[in-house]
Structure formats: structure tokens, C-alpha cells
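>>> output the structure for:
(2 chains)
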Amino acid sequence: MEIATWNINGVRARIETLIAWLKEAGPDIVCLQEIKTVDEGFPRGEIEALGYHVATHGQKGFNGVAILSKTTPDEVTNGLAGDPEDPQSRFLEAVYSIEGGALRVCALYLPNGNPVGSEKYPYKLAWMERLHRFAESRLALEEPLILAGDYNVIPHGHDCWNPEVWKDDALFLPQTRAAFQALEGLGLTDAVRATSDATGLYTFWDYQAGAWPKNYGIRIDHLMLSPEAADRLLETRIDKHVRGWEKPSDHVPVIGRFDFRFRER
DNA sequence: ATGGCCAATATCATTGGA
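As a prediction, the model looks like this:
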């Protein structure tokens, strides 16, 4: 089974690109971020026509996440616990029946946090703390869990083309990386890093300043796995070629292949 | 960080993104 995360940067503007990739890759579950639409605006029909169930947690204009899956989830929960007043749609959780038990998949869009001097950076750190507590509670279930999303975190210097440029950025500040490492400390595994030590593994290239042709990328989209999911991880890949398509998102899909099978219903 | 970006809004400019 293949499970992917992709910041689509506007699902309505990107529907042709999304369909082309779904047809090419045929993933079983896809976590989307920055759908930039309310639930009613999601181009649901086109995706359902390809055989996917669509779960959305949208928002007008910005943010918004969705989970596409080749089977219907048993349970879907909107929003990240820890702050019922948070108006931003950045988290969606789905539970699936697989052979041998349950598979829990979360689509998350972690706040960017720039500019660092603004209220946005404390919001990012507080959100990471909420994610930490959520992960802790779910890890206690000792089930396969995949926290898939745009983390807006460059974990290490070799996850970008030039760490010097990013040193004061909310994506790379020591405090940001420490919060990410604390997630790993809980027992979550960074799937791409678990399967490759290579440098130059990027998932985002800015639209500006020729970042794509110059390969000035960063790795900020991650599949974080509970031990029960990491045990079943077979391989990962980053569909970098999608960044070169017509009307690309500035992010590309990150895919994990797992030894899971949906339970027949 | 930036060589000249991109999406959404009810827009002809601003905001947010990374």
C-alpha cells in the first residue's frame, strides 16, 4: 500500500495536476495540504471518479487539508486537539481497517511561523507542542500511525541547499528543529531518512528566483511513523519530476510504500 | 535568499506562503 503527502497549493487551481499524478502513481491514501477552499469548493466529483473517498477539513482562502483514500475510513476527526478556539484548518485524522487491525493516518499542515518576530512564530511552536501531546496519546495505542504532512521544518542542514541562508528562518531555527526532534524522541520515525542518507532530497522549491532550475530546494514534507508503521515500511520516494510539470505546486508528493492491506468489507 | 512567483479574494491591490 502506498501512502503519500502533498502540499497541493490550491486544489481548485491544481485539479488537472492532481488528477494527472493520481493516474500516474495510483496511491492508496493521499494527505493533501493547502487545499485553499471550503469543503463545498473541493472538486470532489473528479476525485471520486478516480475511485477515491474524499475527506476534507477546509477553510476559506487559506490552509485546509484533505485525505483521499481508495477505501472509506471508519472514522474521521477534524482539527488538532489542544485548542478548541484555533480557527485554522490544519489537521485531519482518519482511521482505516487493515488486515490485522487499524491504520491511523493524519494529514497535517504545520504553521510556517515567519516572520519570526511576529505572533506567527509562537503560534507555530504552540502548534508543535499540541502535535507533540497528540502524538504521545496516539503512540500509547501501539498501532500503525502515520503523521503525514507539510511540517514546515527543515530537520537538518543537509535537508536544504544552503543552511546558512536558512539559519534565522522559522523553518530552521534551533527551537523549531528541537521541537521536531522531540517528536522523534517520542518514537516517531522520519520515513525518508529511515530509508536514505542521501543529500539533496528536497520536497519544496520556491517559485521565485529560479529556485527549481537551480535546485535550491528544502525537505519540509515528512511522513512520521509510529514503530508499528515503521516496521512495515518497505521504501519511500519523492516524486520530484512533478515539480517540472505544467502549473506545478511548489511542493512535490512524498510517498511511502508499506506492507499493509485494507480489510475487505 | 530572492533574477522577474503564485493563489485567493470580489481585486484591479492586498495577504499569505516559504
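>>> close to DNA strand B: what parts of the stretch 101-250 of chain A are there?
The stretch 101-250 of chain A comes close to DNA strand B at residues A:111-112, A:114-115, A:120, A:150, A:152, A:165, A:168-169, A:171, A:204, A:206-211, A:213-214, A:216, A:218, A:220, A:247, A:250, as judged by Cβ under 7 Å from any atom of the strand. The way it works is simple: take the backbone N, C-alpha and C, and place the C-beta from them, glycine included.
>>> out of these, which are inside strands?
A:Asp150, A:Phe204, A:Ile218 (DSSP state E).
>>> which of the residues you listed count as buried?
Buried subset of those (neighbour count, 16 or more other Cβ atoms under 10 Å): A:Asp150, A:Phe204, A:Ile218.
>>> what's the neighbour count on A:Pro87?
A:Pro87 has 7 neighbours, counted by other Cβ atoms under 10 Å.
>>> what's the distance between the residue nearest to it when sequence neighbours are not counted and DNA strand B?
In space, and not counting its chain neighbours, A:Pro87 is closest to A:Gln59: 8.0 Å by Cβ to Cβ, 6 or more residues apart in numbering. A:Gln59 sits 9 Å away from DNA strand B, taking Cβ to the nearest atom of the strand, to the nearest Å as the criterion.
>>> and if you look at A:Ala66?
13 Å.
>>> coming back round to it: let me have the buried ones among the ones in strands among the residues of the stretch 101-250 of chain A next to DNA strand B in a markdown table, extended by pLDDT and distance to A:Ile255.
Shown next, in a markdown table, are these (pLDDT from 0 to 100; distance: Cβ to Cβ, whole Å):
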| residue | pLDDT | distance to A:Ile255 |
| --- | --- | --- |
| A:Asp150 | 98 | 15 |
| A:Phe204 | 97 | 16 |
| A:Ile218 | 96 | 18 |
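>>> make a markdown table from those residues and add distance to A:Ser137 to it.
Below are those laid out as a markdown table (distance: Cβ to Cβ, whole Å):
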| residue | distance to A:Ser137 |
| --- | --- |
| A:Asp150 | 22 |
| A:Phe204 | 29 |
| A:Ile218 | 30 |
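>>> does A:Ala4 touch A:Gly26 like I think?
No. Using Cβ atoms under 8 Å, A:Ala4 makes no contact with A:Gly26, being 10.3 Å away.
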